[in-house]
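# below: sequence and its predicted model.
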Amino acid sequence: MKKTVSVLLLFALVYPVIAQQKQTYKFVERDSALYLDVFRPEVQRSDKACVIALFGGGFVIGERDDELQTVIARELTARGYTVVSPDYRLGLKDSALVASHRKLTQVNDLFQLVIDMSTEDCAAAVAWVVSHAGELNINPDRIVLTGCSAGAITVAQLDYCRANGLKSASELPAGWKPAAVVPYSGAVMCKGKPKYKTPPAPTMLMHGTKDKIVAYKKFPPLLSHALYGPATLYKCFKKQGFPVWIVRYEGVGHEVASFLPGSVDLFCGYVEQVFNGRVTTMDAVMRDTKLVPTKWTEMNVIDLYR
C-alpha cells in the first residue's frame, strides 16, 4: 500500500511538469479556427532551434496531436528542440470541393487546390511562430520544417512556393527562409518540372523507392501537371546547382512517412551539419532493419482513397 501511495504521489508531482511542456495556441482563423501545439524541451539547445512538424493522413484524416506527432515531439524535445505541431485544413474532407471535381480530368486540379490550402495554413503557422519567437523563446532563423506524407508534401510545397514567389506562401514573413526542410515521403505539385527561381532551403528528401502512394518519381506519370517525387526533385536540385540530400530507402514503400522517430539521429545529424554551414549534396541508398515492408508497400494512391 505504501509503495502504491508513493508511486501515485510521484505521479502527482511529476504530471503537472509534463503537462506544462505542451501549450496550445490559435494561430489563424479560416472557415474555423486552426491551432498549434508547442512542445518545449526540458533542456533547450543553446541556439534555441525549433522544428515545425506536420502530420500526415492523405489530406483526409490526421490530427496535430495524434500518436506519431506526440512521439516525434518527444524524440526531438529530448534533443533540445522546441517542436511545433500545427493544424491545417484537410481539403479532401470537403465534400462540396470534391464533388465539384468529379471528372477524371479535374483530379489534378483538385489535388492542387487541396495542397494549396494546406500550404497556406503552414505559411500562417510559420508566420505566427516567427511573430511569437520571443514568447516561445526560439530563434526564428533556426526553424526546420518537416512532415510525413501529406505533411511532407505541404512543407516541400511551401518552400517551393516561397522560392518562386507563389501565392500559397504569401503569408510567410518577408525575407524568411527555413533553416532546412526534411520531408518524409513528400513531393511537390506543379505544372511542368519543378524549377526554383531563388534558392530552396537545404533539403533532405526521405523516401521509399517502392512508394506508390506518394510517388517516388512522379504521379500521374504521363501528365505535366503532377506530383513530382524525390527522384525527380533531386535531379531538379542538382541541375540548378542547389545542395540536396536524398535518402532512398530501398525496397520499402510509404512506411518511410512515419519513420522520423526511427531515423531521428540522421535527421538531427543533417540539421546540425546545416546549422554548422556544411550544406552539401548526397545521394544515399539505405537499408534499415527497423524499417520493414508492410501493407503500405503494396498500396497505391487508388487503394488509399478507395
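Sure thing, it's come through.
# pLDDT score for F11?
As predicted, F11 sits at a pLDDT of 38.
# the one 5 residues further on now?
For P16, the model assigns a pLDDT of 38.
# and the one 10 residues further on, by the same measure?
Residue-level confidence at K26 comes out at 98, pLDDT.
# show me the beta-bridge partners of it.
Judged by DSSP bridges, the bridge partners of K26 are Y35.
# that one touches L34, doesn't it?
Yes. The criterion here is C-beta atoms under 8 Å, and K26 meets it with L34 at 7.1 Å. From N, CA and C alone the C-beta is placed, and that goes for glycine too.
# the two - which one has more neighbours?
Set K26 next to L34 and count neighbours by other C-beta atoms under 10 Å: L34 wins out with 19 against 11.
# now do the contacts for the more buried one.
K26, F27, V28, P86, D87, Y88, R89, D121, A124, A125 (C-beta atoms under 8 Å, 6 or more residues apart in numbering).
# strands of this structure, start to end?
22-29, 33-39, 50-54, 82-86, 143-148, 180-184, 188-191, 203-208, 218-219, 225-228, 244-249, 282-286 (DSSP state E).
# mind listing what's buried in the second one?
Think strand 33-39. The neighbour-count check on strand 33-39 (16 or more other C-beta atoms under 10 Å) flags L34, Y35, L36, D37, V38, F39 as buried.
# one more: the last one?
Buried residues in strand 282-286, counted by 16+ other C-beta under 10 Å: M286.
# just give me how far it sits from the chain centre.
20 Å (C-alpha atoms, centre = their mean, to the nearest Å).
# so what touches it?
Here strand 282-286 has contacts from Y234, W245, I246, V247, R248, Y249, E250, using C-beta under 8 Å, 6+ apart.
# strands paired with it, and their directions?
If you go by DSSP bridges, strand 282-286 pairs up with strand 244-249 (parallel).
# what distance do you get for F275 to S46?
Distance from F275 to S46, counting by C-beta to C-beta, to the nearest Å: 11 Å.
# more neighbours, the two?
Neighbours were counted for F275 and for S46 using other C-beta under 10 Å; F275 has more, 18 against 7.
# what's near enough to touch the more buried one?
D47, A49, R142, A179.
# report pLDDT for it.
pLDDT recorded at F275 is 98.
# likewise for L222?
On the pLDDT scale, L222 gets 89.
# M1 now?
42.
# do the one 5 residues further on as well
According to the predicted model, the pLDDT of S6 comes to 45.
# the contacts of strand 282-286, buried ones only, as a ChimeraX selection?
Buried subset of the contacts of strand 282-286, written as a ChimeraX selection, criterion 16+ other C-beta under 10 Å:
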select :234,245,246,247,248,249
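# max pairwise distance over the contacts of strand 282-286: which two?
Greatest spacing in those, by C-beta to C-beta: W245 and E250 (15.9 Å).
# residue nearest the centroid of the chain?
Centroid-nearest residue in the chain, with C-alpha atoms, centre = their mean: G147, separated by 1.6 Å.
# and that one, bridged to which residues?
On the basis of DSSP bridges, G147 is bridged to L54, P183.
# can you tell me how far it sits from L90?
From G147 to L90 the distance is 14 Å (C-beta to C-beta).
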